[in-house]
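Undergrad: give me coordinates for this.
(chains A and B)
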Amino acid sequence: MHKEAAIREPLILGNDVTYSKITNDVLHTIEHSPTKMWKILMTIAVIIALWGIGSILYLLGVGIGTWGLNNTVGWAWDITNFVWWVGIGHAGTLISAVLLLFRQKWRMAINRPAEAMTIFAVFMAGMFPMIHMGRIWMAYWVLPLPNQFGSLWVNFNSPLLWDVFAISTYMSVSLVFWYIGLIPDFASIRDRAKKPVPKLMYALLSFGWTGNAKAWQRFEEVSLVLAGLATPLVFSVHSIVSMDFATSVIPGWHTTIFPPYFVAGAVFSGFAMVQTLMLIVRKAMRLEAYVTIKHIEYMNIVIIVTGSIVGVAYLTELFMSYYSGVEYESYAFINRFSGPYAWAYWAMMTCNVVSPHLFWSKKLRTSLGFTFFMSIIVNIGMWFERFVIIVTSVHRDYLPSSWSMFYPTWVDIGVYVGTIGIFSVFYLLFLKYFPVLAFNEVKSIMKSSSERYKNMSDEEFHKLHPVKK
Amino acid sequence: MSSKKIYAIYDDDYVLLESAKHLVAKGIYIRDVFSPFPIHGLDPVIGLKRTRIAMAAFIYGMIGVSLALSGLYFFMIQDWPLNIGGKPNFSILTNLPSFIPVTFEFGVLCAAHGMSITYLLRNWTLPGFKARNPYLRTTDDWFVMEIHTHDNDVSEEEIKALINETCVLKVDVKNS
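TA: As a prediction, this is how the structure comes out:
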């Protein structure tokens, strides 16, 4: 009754796993001083973040003329980074919500860090359109606020405004989903805390969680409904981001394949980032028993699937540009693979279309080192995808006299690398002060997914859990 | 006779579930159960009704959709009709395709936040609130049943005797 087929590989390793061991393992980082590794990583992250904040402040003070943009290339790294970060955010919600709806137990060991990644990535993404406004203090103008200018409202027909609603809804719903799940785990930390400050801090964070039957019943219902709401939200957000381009008249952008293609790309890059982070986390936090090779392999399979969808989308775009018979559309794509940015196009093709297929080999997809290397490759490839879509489409328009090239300045680089630093600072703080795995969920699958119970016969199980004297 | 709270402490969810079935079959009313994670199958045993929070989410969502459509009608059709890119604003019907993204997002926003706020209020879990779990280990590895003597027709001793028939770790009695 509590056991799953023995042929399924266990999701929790070790023959000594118990409920309290799970709590101890996950909370070890919170209850002990930070490790030397954490301190080193934090120092590096803070330095990069400060560089980024400095670049952003310089940009706000001087204006977006400090970027490498020109009259022809009005969108470049800023929007590339925006789409890249939003895409990265998508895996968190996908793991939490879609896999919850499909009752995939393997999501439980990775959903919390993936959701944290989502929140921080979407936060980074949201910064770019705001910085791009130049006058960030006017950012509230994107909201439909009553004003003194007579009848003046934002344009609800514009995909750029849809973005405002999509990103803000996505961020706040992801935050709520993440926090609702964190409350019971915060309560566990609160009830174990010895020192007054952590006790008070986690008592505040846990909202007085009691863990009675009714609370758990509501918790499960709320999680399920939030997952049901977040799932279409994932698809809508990146579809809307793709419509920023797809509803325009720029050759290379106005393709009907954009929404599904962007969503697949987002999941592809998101899973790659989850892999990058999880491989570090499982090693640094000694969570090898909970984030197993099987988890890594499942994520690599998702990468093969989404990478293949992305590959088909690239080829479909190429075919449609030829088949449409529109010379501007055809030229946009010929320019992509043979023009001055061909190196970026071929980097994208190599990283996103060719490399994921190496994971068809079981040996490679279960290799930690290779997975880590590939996750970086995919992240780079997906950044190039956004760069190629944006810059190669606008740098040569209908008028050859206005053709130009985009070269990033130190501010472009500083802002982009800086967001990686700020993201890392948030993520490292999360690793230190928040329960890194959703251990109340991991405990609930212990009996069906752990190595110990899979090897146990029915007699042994009943001996261990006698129900009546 | 003063009312007492009897706590039956177990170290396993499965054992608690089977014990709860045993006690309920003997006519004992179990007031509450505290556990570190949800125990599936427990709700019907201890007589918990289904939560209606999903229905609340639907209602909040519909309110969000109505608000969004009303707002969009006012902003784009009544107050400031514009002809942007050949997409004039004449009626809600002709504008519906471009209104759908914002309406959808706003509906989801209201459903998710409305439901979450309702959940926190109904659970009485809010910042600064005191936890009411009887033992600290119920958020770690203890599974505890709470039985009130005044909920049951039998005496405290009889309840304890029935609990002791199960594989209980410890029985504790506290004054209400």
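
Undergrad: residue boundaries of the helices in chain B?
TA: Chain-ordered helices for chain B, with DSSP state H as the definition, fall at B:13-25, B:42-46, B:53-72, B:92-123, B:156-164.

Undergrad: does residue B:136 really touch residue A:193, like I thought?
TA: No. With contact defined as Cβ atoms under 8 Å, residue B:136 and residue A:193 do not form a contacting pair (9.8 Å). Quick note: C-beta positions are derived from backbone N, CA and C, even for glycine.

Undergrad: give me the element the closest residue to residue A:54 other than its chain neighbours is part of.
TA: Counting by Cβ to Cβ, 6 or more residues apart in numbering or on different chains, residue A:414 is the residue found nearest to residue A:54 once chain neighbours are left out, at 7.0 Å. Mapping residue A:414 onto the secondary structure by DSSP states H and E places it in helix A:410-433.

Undergrad: who does that helix touch, helix- and strand-wise?
TA: Contacts defined by 3 or more Cβ pairs under 8 Å, 6 or more residues apart in numbering or on different chains; DSSP states H and E place helix A:410-433 against helix A:19-31, helix A:36-62, helix A:77-93, helix A:111-132, helix A:258-284.

Undergrad: of residue B:136 and residue A:193, who's got more company?
TA: More neighbours surround residue A:193 than the other of residue B:136 and residue A:193, with 19 against 15 (other Cβ atoms under 10 Å in any protein chain shown).

Undergrad: over to that one: give its phi and psi.
TA: Here is the backbone geometry of residue A:193 (degrees, to the nearest 10): phi -60, psi 140.

Undergrad: using PDB, write out every CA atom in stretch B:113-131.
TA: Once side chains and other backbone atoms are set aside, the C-alpha atoms of stretch B:113-131 remain, and they are given as PDB (Å, rounded to 0.1, in the frame of the first residue of the first chain):
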ATOM      1  CA  HIS B 113      -4.100  36.100  -4.300                       C
ATOM      2  CA  GLY B 114      -7.700  36.000  -3.200                       C
ATOM      3  CA  MET B 115      -7.500  32.300  -2.500                       C
ATOM      4  CA  SER B 116      -4.200  32.600  -0.700                       C
ATOM      5  CA  ILE B 117      -5.400  35.400   1.600                       C
ATOM      6  CA  THR B 118      -8.600  33.300   2.300                       C
ATOM      7  CA  TYR B 119      -6.400  30.300   3.100                       C
ATOM      8  CA  LEU B 120      -4.200  32.200   5.500                       C
ATOM      9  CA  LEU B 121      -7.200  33.800   7.200                       C
ATOM     10  CA  ARG B 122      -9.200  30.500   7.500                       C
ATOM     11  CA  ASN B 123      -6.200  28.700   8.800                       C
ATOM     12  CA  TRP B 124      -5.400  31.600  11.200                       C
ATOM     13  CA  THR B 125      -1.800  31.700  10.000                       C
ATOM     14  CA  LEU B 126      -0.700  35.200   9.800                       C
ATOM     15  CA  PRO B 127       2.500  37.000  10.700                       C
ATOM     16  CA  GLY B 128       3.000  37.300  14.500                       C
ATOM     17  CA  PHE B 129       0.500  34.600  15.300                       C
ATOM     18  CA  LYS B 130       1.300  31.900  17.900                       C
ATOM     19  CA  ALA B 131       1.500  28.300  16.800                       C
END
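
Undergrad: in that stretch, what counts as buried?
TA: By neighbour count on 16 or more other Cβ atoms under 10 Å in any protein chain shown, the buried set for stretch B:113-131 is B:113-116, B:118-120, B:123, B:125, B:129, B:131.

Undergrad: quick check: residues of the stretch 301-450 of chain A near chain B?
TA: For the stretch 301-450 of chain A, the residues in contact with chain B under the definition Cβ under 8 Å from any Cβ of the partner chain are A:440-441, A:443-444, A:447.

Undergrad: please tell me which one of these counts the most neighbours.
TA: residue A:440 (28 neighbours).

Undergrad: host element of that residue?
TA: Secondary structure assigned from DSSP H and E places residue A:440 in helix A:439-444.

Undergrad: give the next helix or strand downstream of that helix.
TA: Next helix or strand after helix A:439-444 toward the C-terminus (DSSP H and E): helix A:446-449.

Undergrad: and the contacts of that next one?
TA: Counting by Cβ atoms under 8 Å, 6 or more residues apart in numbering or on different chains, the neighbours of helix A:446-449 from elsewhere in the structure are A:2-4, A:8, A:10-12, A:17, A:19, A:22, A:105, A:453, B:14.

Undergrad: what about 6 Å?
TA: Contacting residues not belonging to helix A:446-449 are listed as A:2, A:4, A:10-12, A:105, A:453 [Cβ atoms under 6 Å, 6 or more residues apart in numbering or on different chains].

Undergrad: go on, stretch A:337-352?
TA: Residues outside stretch A:337-352 that contact it (Cβ under 6 Å, 6+ apart): A:310, A:336, A:377, A:380-381, A:384-385, A:387-388, A:392.

Undergrad: and the residue in chain A that chain B sits nearest to, what does it touch?
TA: Among residues of chain A, the one nearest chain B by Cβ to the nearest Cβ turns out to be residue A:208. It sits 3.1 Å away. When the contact criterion is Cβ under 6 Å, 6+ apart, the partners of residue A:208 are B:125, B:129-131.

Undergrad: can you narrow those to ones near chain A?
TA: B:125, B:129-131 (Cβ under 6 Å from any Cβ of the partner chain).

Undergrad: what score does residue B:113 have for pLDDT?
TA: According to the per-residue confidence, residue B:113 scores 95 in pLDDT.

Undergrad: over to residue A:153?
TA: Residue A:153 carries a pLDDT value of 88.

Undergrad: any idea how far residue A:316 is from it?
TA: Spatial separation of residue A:153 from residue A:316 under the definition Cβ to Cβ, to the nearest Å is 37 Å.

Undergrad: show me which of the two is the more surrounded one.
TA: The residue with more neighbours, out of residue A:153 and residue A:316, is residue A:153; 19 against 15, by other Cβ under 10 Å.

Undergrad: returning to that earlier point: between the contacts of residue A:208, which sits nearest residue B:144?
TA: Of all the contacts of residue A:208, the one sitting nearest residue B:144 is residue B:131; the distance, using Cβ to Cβ, is 13.4 Å.

Undergrad: so what's the backbone phi/psi at the closest residue to the closest one other than its chain neighbours?
TA: With Cβ to Cβ, 6+ apart as the criterion, residue B:131 has its nearest non-adjacent residue at 4.9 Å, and that residue is residue A:208. Note on residue A:208: backbone dihedrals following degrees, to the nearest 10 are phi 70, psi 30.

Undergrad: let's see the pLDDT reported for residue A:208.
TA: We have a pLDDT of 89 for residue A:208.

Undergrad: residues of the stretch 151-300 of chain A that sit close to chain B?
TA: Taking Cβ under 6 Å from any Cβ as the contact definition, the stretch 151-300 of chain A meets chain B at A:151, A:153, A:155-157, A:162, A:165-166, A:169, A:173, A:176, A:187-188, A:191, A:204, A:207-213, A:215-218, A:220-222, A:225, A:229, A:233, A:240.

Undergrad: roughly how far does the residue nearest to residue B:131 sit from residue A:186?
TA: Counting by Cβ to Cβ - residue A:208 and residue A:186 are separated by 10 Å.
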